[in-house]
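Novice: quick one, fold the following:
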Amino acid sequence: MNISRREFVRLLTLAGAAGLLPRSVFAEARQPGDLYEVPKFGNVTLLHFTDCHAQLNPVYFREPNVNIGVGPAFGKAPHLVGKTLLEHFGIAPGGIEAHAFTYLDFAEAAERYGRIGGFAHLKTLIDRIRAERGDGNSLLLDGGDTWQGSGTAFWTRGQDMVGACNLLGVDVMTGHWEFTYLDAEVIKNIGAFNGEFVAQNVRVREEALFDYRFEDFAGFDEDRGLAFKPYVMKTVGGARVAVIGQAFPYTPIANPQRFIPDWTFGIQDAQMQQIVEQVRDEEAPNLVVVLSHNGMDVDLKMASRVRGIDVIFGGHTHDGMPAPSIVDNAGGQTLVSNAGSNGKFLAVMDLDVKDGKMRDYRYRLLPVFSNLLPADAEMTKYIAETRAPYLDRLTEELATAEELLFRRGNFNGTFDQVICDALRKVNDAQISLSPGFRWGTSVLPGQAITMDHVMDQTCITYPETYRREMTGVELKEILEDVADNLFNPDPYVQQGGDMVRVGGLDYVCDPKAGIGERISAMQLDDGTPIEADKTYIVSGWATVGAQSPGEPIWETVATYLRDVGTVRLEKLNTPRLRGVAGNPGLADYVGEILS
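Specialist: Numbering: from 1, shown residues only. Here you go, the predicted structure:
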């Protein structure tokens, strides 16, 4: 096969990033146009998607231009954006893969290449690869955040996604936003799921064990107090594969514990190590895989501390990484990957498993372009039937976007600003606060903003809004707390997500500063300094503690959009940044960068 010099260099870089031998990569080199040609290799194929956030139809999703890494994460994946990311992974600029993996020229490239994802197109790709590998030689893994993120998921309590995943053929999954439904609903959905739900780090509280409501649930282990199966064994390509589940460890902190009062979570390295050793001693696996929803930085640290894991397929932080990271530990090496979000990517890891262990591998993270993959007919029919009862409401055109509306990024996004502006206007507030969620689809300039889009941005099971007084001290404490969650150099202190979005408020942020010292120079839009003891009218939503009294946020945003007609952002409340000049996780920042 003849390949261009650019493709040769790209393959060489990818081979180095993935720890592959150049001889086999060059023999299997592909032309740039053959996006979905993934030559068969080895005897085991593991397919992985994560964080689809209930996006059944193709969407637009812009990758971040701000994903700052501090401390040990500085300059390392996943904290690379734009041209730096392309250079690191050897991806040529200006092409279809550059569009998939970066924010660069997003609106123009999106018009050229079309939407991404969609379960009907994802199914076509999965079925194609599984057919090429042959029966019994592949496993499909779902990293969670599957049952939440759309209007239909909310209205069906996640059941629409359970049905879609059954059609997709998911073999094993773990969870996070799945746990934001009521515990009885979680158990019901798992019961309807044809695959296996695994989570070694979810336990039943001791006080609940005496009268546990779900003692008949098949995954419950009373002796160890585990709420779900910690792992499953699968035979793939003649090899014994153990898949251990790691649910999002901070679920009761980041989301309401009142929905799941009997379950505890946590990272629990010691228990993970114990289970890995138990599995290796009792099950004699040829391959040990962790299906994780930790977030990539947490997975990288866990991989350095827990011995005996061959591969971690990660999620939660929505990082689309073209090649896995290789982590050294006392037991050898562990591969750590992350497969993006919103149904945008399918990870394909082919492994050569011989003589009882992994000998070699190949990895590709395939962008799912709906224009390049025909829609599966059965899945298309299922999606249409699922959406039919809600279609009139979802397709209501509320306003028109004059500029690109997106969410993903450490500090603010244009759609986040729309939400913040809506809260201030509708609730007559000086300041607004909106969570730094990383899910939420993008809207191109000139495109109609529908109720579907609004639900994509706001649809959670605790959507109620509030309007109340807060002091300057309280506002600073909120910003400092979220900033520490995002920028603490210890990944085990991080909880994922991005900085709380603000409306009507400006401030300076120093990501490299210590706890309580990252936020300064807070002021209102008109430049009036925020005073510590003064009170301000603040509107927000998504309170994790007690339920707020206001209407669901999507009603507030819809009211605002119907009124404005055309969205023209007067201002993006993006903080001035200190101490991050030259950070490879920062590019084309619209705010001021201080020395």
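Novice: and the strands in the stretch 301-450 of the chain?
Specialist: Applying DSSP state E, counting those that start in this stretch to the stretch 301-450 of the chain gives strands spanning 311-314, 325-329, 332-338, 345-354, 357-367, 397-401, 431-436, 448-450.
Novice: and those, which is most packed in?
Specialist: strand 311-314 (a mean of 29; mean count of other C-beta atoms under 10 Å). In short, each C-beta sits where N, CA and C put it, glycine included.
Novice: that one pairs with which strands, parallel or anti?
Specialist: Here strand 311-314 has these sheet partners by DSSP bridges: strand 287-292 (parallel), strand 332-338 (parallel).
Novice: and the first one with strand 345-354, angle?
Specialist: In this structure, strand 287-292 runs at an angle of 160 degrees to strand 345-354, with axes from the mean of the first three to the mean of the last three C-alpha atoms, to 10 degrees as the basis.
Novice: extract the C-alpha set from strand 287-292 and format it as CSV.
Specialist: Below are the C-alpha coordinates for strand 287-292, written out as CSV (Å, rounded to 0.1, in the frame of the first residue of the first chain):
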residue,chain,number,x,y,z
LEU,A,287,-7.2,-10.1,30.3
VAL,A,288,-8.3,-7.8,33.1
VAL,A,289,-10.3,-4.8,32.0
VAL,A,290,-11.7,-2.0,34.2
LEU,A,291,-14.8,-0.2,32.8
SER,A,292,-14.6,3.1,34.6
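Novice: which residue is nearest the middle of the chain?
Specialist: Central residue of the chain (C-alpha atoms, centre = their mean): residue 318, 3.1 Å from the mean position.
Novice: now do the contacts for it.
Specialist: 51, 338, 340-342, 408, 438-439 (C-beta atoms under 8 Å, 6 or more residues apart in numbering).
Novice: PyMOL command to pick out the buried ones of these?
Specialist: Only the buried entries of the contacts of residue 318 go into this PyMOL selection, using 16 or more other C-beta atoms under 10 Å:
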select buried, resi 51+338+340+341+342+408+438+439
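Novice: can you give me the helices for the stretch 401-550 of the chain?
Specialist: In the stretch 401-550 of the chain, the helices defined using DSSP state H, counting those that start in this stretch lie at 414-427, 451-458, 472-487.
Novice: between those, which gets nearest to residue 373?
Specialist: Distance to residue 373, taken as C-beta to C-beta, is lowest for helix 451-458 among the helices of the stretch 401-550 of the chain, at 21.3 Å.
Novice: and that closest one with strand 397-401, angle?
Specialist: Going by the same axes, to 10 degrees, helix 451-458 makes 70 degrees with strand 397-401.
Novice: give me the contacts around helix 451-458.
Specialist: 53, 55, 59, 149-151, 154, 393-396, 398, 405, 407, 415, 419, 439-441, 443, 541, 552-554, 557-558, 561.
Novice: report the inter-axis angle for that helix versus helix 414-427.
Specialist: If you take the same axes, to 10 degrees, helix 451-458 sits at 100 degrees to helix 414-427.
Novice: still on that earlier bit, just the buried residues of the contacts of helix 451-458.
Specialist: Among these, those classed as buried by 16+ other C-beta under 10 Å are 53, 55, 59, 149-151, 154, 394, 396, 398, 405, 407, 415, 419, 439-441, 443, 541, 552-554, 557-558, 561.
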